[in-house]
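K.L.:
Take this sequence and fold it.
(one chain, ligands or ions: 1)
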Amino acid sequence: MDSTTRSVVVSGGGTGIGRAIAARFARQGDRVTILGRRTEVLRATAQEIEGAHPVHAVAVDLSAPEELEQAMDHLPERVDVLVNSAGRRGTPASSETGLKAVADRWRQDFDNNVLPVVLLTEVLLPRLARPGGRVVSISSIAALRGNGAYGAVKAALLAWNHTLAQQLGPDGVTANVVVPGYVAGTEFFGGAPSGDELARRRDQTLIGRVGDPDDIAAAVAFLASPEAGYITGEFLNSNGGALCGR
Ligand SMILES: NC(=O)c1ccc[n+]([C@@H]2O[C@H](COP(=O)([O-])OP(=O)(O)OC[C@H]3O[C@@H](n4cnc5c(N)ncnc54)[C@H](OP(=O)(O)O)[C@@H]3O)[C@@H](O)[C@H]2O)c1
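P.N.:
You can find the predicted model right below:
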C-alpha cells in the first residue's frame, strides 16, 4: 500500500449509514474493509461500492468477543481510520412483562450498540496509525433527547469516547462521535416508514427534510480527514436542526 492510501475499517458497512461511509472512502481511493454479521450482504455491497481497490468484507458478530478474536487475521494490520457504525434496535418487546423483561431489553440494547463499538475499537487499538489515526463512532440523537434504553446506551458511547480520546491523544490519534438524527433509507427501522411518520420526522427538522446516509458519511469524512486533526473528544450533530446546540 503506498503511503497516501489509507486503510479504513467500517463496521456495519454492509447497509445504511455504514455502507454510505464505506462507499465514500472507496470512491476516494482508500482501501476499505467492511464488517457485519451477514456474509451475503457484505459481499454484494463490497462489489457494488468498490473503487480503485477491491473492498474487503469480513463477517463477524462484533458483540461476541471470541468471534471477533477469531476474525482478527482477516482485519488489516494497519488501520488509518476506524468507523464504528454497527448498531441496531432490540427485537420488539415480547408480551412478557416484569423486571426480567426490563433487564432483557436493557441488556439487548447494550449488547447491540455498545459492545460492537467498544470491542472492535479495543482489538484494533494496537493497529491504529500513530500519529494520524482516526476513530469515528456513530451514536444517535436519542442519546441527547432520550429514548429509553436505546438512548441511554447511545449516550454511553459519548462518555466512552472521552476516555478513548484521552488515551489516544498523546499518540496523535483523534476519537470523535457523529450523532445523527433520523436517517431514511437504512435497515434500522426494519422497513420504510409510513408517509405520516416520514412527515413527522421531516417537520422536526429546521431545513425541511429527513437525513440521508450520505449526510452522515460527509460528517464522518470530515472528522476522519487530516484537516480535523485538532478536533478530538467531541461529538458532531447531523440532524437538520431537529435538536439544536447540544
Ligand atoms: N437510521 C437512523 O435513523 C439512525 C439514527 C441515529 C443513529 N443511527 C445509528 O446509525 C448506525 C447505523 O444504522 P443504520 O441506520 O445504517 O441501520 P442499518 O442499515 O441496520 O445498519 C446497521 C449495520 O450494523 C450491522 N450490525 C448490527 N449489529 C452488528 C453486530 N453485532 N456485529 C456486526 N455488525 C452488526 C448490520 O449488519 P448485520 O445485520 O449483517 O450484522 C448493519 O449493516 C447504528 O449505530 C444506529 O444506531 C441510525
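
K.L.:
And the strands in this protein, which stretches?
P.N.:
7-11, 31-36, 56-59, 81-84, 134-138, 174-180, 235-238 (DSSP state E).

K.L.:
Format those as TSV; extra columns: mean neighbour count and mean pLDDT.
P.N.:
Placement of C-beta: from N, CA and C, glycine included. Listed next are those as TSV, based on neighbours: other C-beta atoms under 10 Å; pLDDT from 0 to 100:
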stretch	mean neighbour count	mean pLDDT
strand 7-11	27	99
strand 31-36	27	98
strand 56-59	20	98
strand 81-84	28	99
strand 134-138	27	99
strand 174-180	25	98
strand 235-238	19	98
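
K.L.:
With distance to the ligand as extra columns, can I get those strands in JSON lines?
P.N.:
Formatted as JSON lines, the strands of the chain follow (distance: least, C-beta to the nearest ligand atom, whole Å):
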{"stretch": "strand 7-11", "distance to the ligand": "6"}
{"stretch": "strand 31-36", "distance to the ligand": "3"}
{"stretch": "strand 56-59", "distance to the ligand": "8"}
{"stretch": "strand 81-84", "distance to the ligand": "8"}
{"stretch": "strand 134-138", "distance to the ligand": "4"}
{"stretch": "strand 174-180", "distance to the ligand": "4"}
{"stretch": "strand 235-238", "distance to the ligand": "9"}
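
K.L.:
For I34, give me its contacts.
P.N.:
Residues counted as contacts of I34 (C-beta atoms under 8 Å, 6 or more residues apart in numbering) are 10-11, 13-14, 18-19, 22, 42, 45-46, 55-58.

K.L.:
about what we covered before: please tabulate the strands of the chain in a markdown table and include distance to A149 as additional columns.
P.N.:
What follows is the strands of the chain, written out as a markdown table (distance: least, C-beta to C-beta, whole Å):
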| stretch | distance to A149 |
| --- | --- |
| strand 7-11 | 21 |
| strand 31-36 | 23 |
| strand 56-59 | 27 |
| strand 81-84 | 19 |
| strand 134-138 | 17 |
| strand 174-180 | 17 |
| strand 235-238 | 20 |
